[in-house]
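K.L.:
Sequence and predicted structure are below.
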Amino acid sequence: MIPLLTFAFLGLAGLTQAHIAAWHKGMYCLNGTIPGFDNQNTNDAVNPLFNLPKSQWWMHHNNKCDEFPPAPGDFLELPAGGTFTVEFAGNRGQTTLSFDGKFTSEWPDGHDHPENFSMPHNGCITSPNLHTTNQSDAAGTVFAISYTSDLAEVTPENLAVFTVLYHTPWKRIATYEVPADLPPCPPDGCIAVFGWVPNGCGIPNMYMHPYRSKVTGSKSNKTVAPAKPPTWCEGTPSTCTKGSKQMVFWNQADGNNIVTSGWQADGAPKSPGYNMKLGFQNGAQNDIFL
Ligand SMILES: *[C@@H]1O[C@H](CO)[C@@H](O)[C@H](O)[C@H]1NC(C)=O
Ligand SMILES: *[C@@H]1O[C@H](CO)[C@@H](O)[C@H](O)[C@H]1NC(C)=O
Ligand SMILES: *[C@@H]1O[C@H](CO)[C@@H](O)[C@H](O)[C@H]1NC(C)=O
Ligand SMILES: *[C@@H]1O[C@H](CO)[C@@H](O)[C@H](O)[C@H]1NC(C)=O
């Protein structure tokens, strides 16, 4: 009954509320998906992915985001051993990338909320649509990297999760760690990809969005190992997939790399997020190299 209830209640919210993207000038479809039009209020990147064929969900092709690369020279820069920052918001208008940032707040919806933001009776927060009841229950988000400059050459196996940020999305500003050993990219850059699988609180969808990126300040000659699918290992860390892991591809019509049934430890339907339920440690993933 829990899944039915959350489905019915937040299914509606899903249609009427924005969701969340990680905004940065290096992202695809920053200007929206109308050729030649700079949409300051776009939310094309925000739409979640649910029950779609891989031809549609992969790299957010369902609304052609993957056909609108960033402007030449705009990269998500990843300083080896350092950090990088993106902005969570439901609409570009609520980030510093539109209107000189005048509609931003500390939160992804441009409004003010208490530090301990939550709804009564462990209800779900729907504005911003964070798909969570509170900060500690936020599922975690990631960036993955593929050492190709050509979006069409990215595969699940050459796209490895390199950083995890627990308890996000939450506030607008989000800062991720970069492994010190991440090697430099080819001259035209790498492809980085944002991912999130919310822990319930709405349609059990996933988020996948591409960026052009560059690793800076790296002298590493290491190679990222081929990425393996993560596996459900809640409560038994010894059974987790170790080392270089793929992003979570879940609840789609095809192309899934994890299928779940039953219940997780907290009694909710299993939700394979970027956290220890799948063996993702917080922070830089320093164990992904050959
Ligand atoms: C987005 O719009 C801005 C302003 O018109 C423009 O400078 C930039 O090149 C556009 N980006 C892309 C990828 O078309
Ligand atoms: C949140 O913090 C405020 C101020 O400390 C407090 O008054 C309020 O009861 C807290 N709310 C919850 C839901 O914990
Ligand atoms: C956060 O939400 C979870 C799930 O609803 C609940 O179990 C937990 O008590 C909440 N934590 C706080 C600090 O309110
Ligand atoms: C990588 O760098 C280390 C330390 O500089 C060096 O010992 C090693 O031979 C290098 N490996 C390759 C494959 O170039």
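P.N.:
Noted; the coordinates are in hand. Ligands and ions are numbered 1, 2, ... in the order given.
K.L.:
so for the top strand by length along the chain, what's the average pLDDT?
P.N.:
Counting by DSSP state E, the longest strand found in the chain is strand 207-216. The average pLDDT within strand 207-216 is 98.
K.L.:
From the contact counts, what lies against the next helix or strand after it?
P.N.:
Next in sequence after strand 207-216, counting helices and strands by DSSP states H and E, comes strand 283-284. Strand 283-284 is packed against strand 160-165, with contacts defined by 3 or more Cβ pairs under 8 Å, 6 or more residues apart in numbering; DSSP states H and E. Where C-beta positions appear, they are placed from N, C-alpha and C, glycine not excepted.
K.L.:
that's a strand at residue 78, yeah?
P.N.:
Yes - under DSSP: H, G, I helix; E, B strand; the rest coil, residue 78 sits within a strand.
K.L.:
Next up, the contacts around it.
P.N.:
Residue 78 makes contacts with 84, 145, 178, 182, 192, 213, 214, 215, 216, as judged by Cβ atoms under 8 Å, 6 or more residues apart in numbering.
K.L.:
can you pull up the bridge partners for it?
P.N.:
Beta bridges link residue 78 to residue 215, judged by DSSP bridges.
K.L.:
again with the one 10 residues further on
P.N.:
For residue 88, the beta-bridge partners are residue 22 (DSSP bridges).
K.L.:
Enumerate every residue touching it.
P.N.:
Per Cβ under 8 Å, 6+ apart, neighbours of residue 88: 20-23, 108, 128, 168-174.
K.L.:
related to what we said a few turns ago, and the contacts of residue 78 as TSV, adding distance to residue 273 and neighbour count?
P.N.:
Putting the contacts of residue 78 into TSV (distance: Cβ to Cβ, whole Å; neighbours: other Cβ atoms under 10 Å) gives the following:
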residue	distance to residue 273	neighbour count
84	21	20
145	20	29
178	21	25
182	23	29
192	19	27
213	23	25
214	28	20
215	26	23
216	29	16
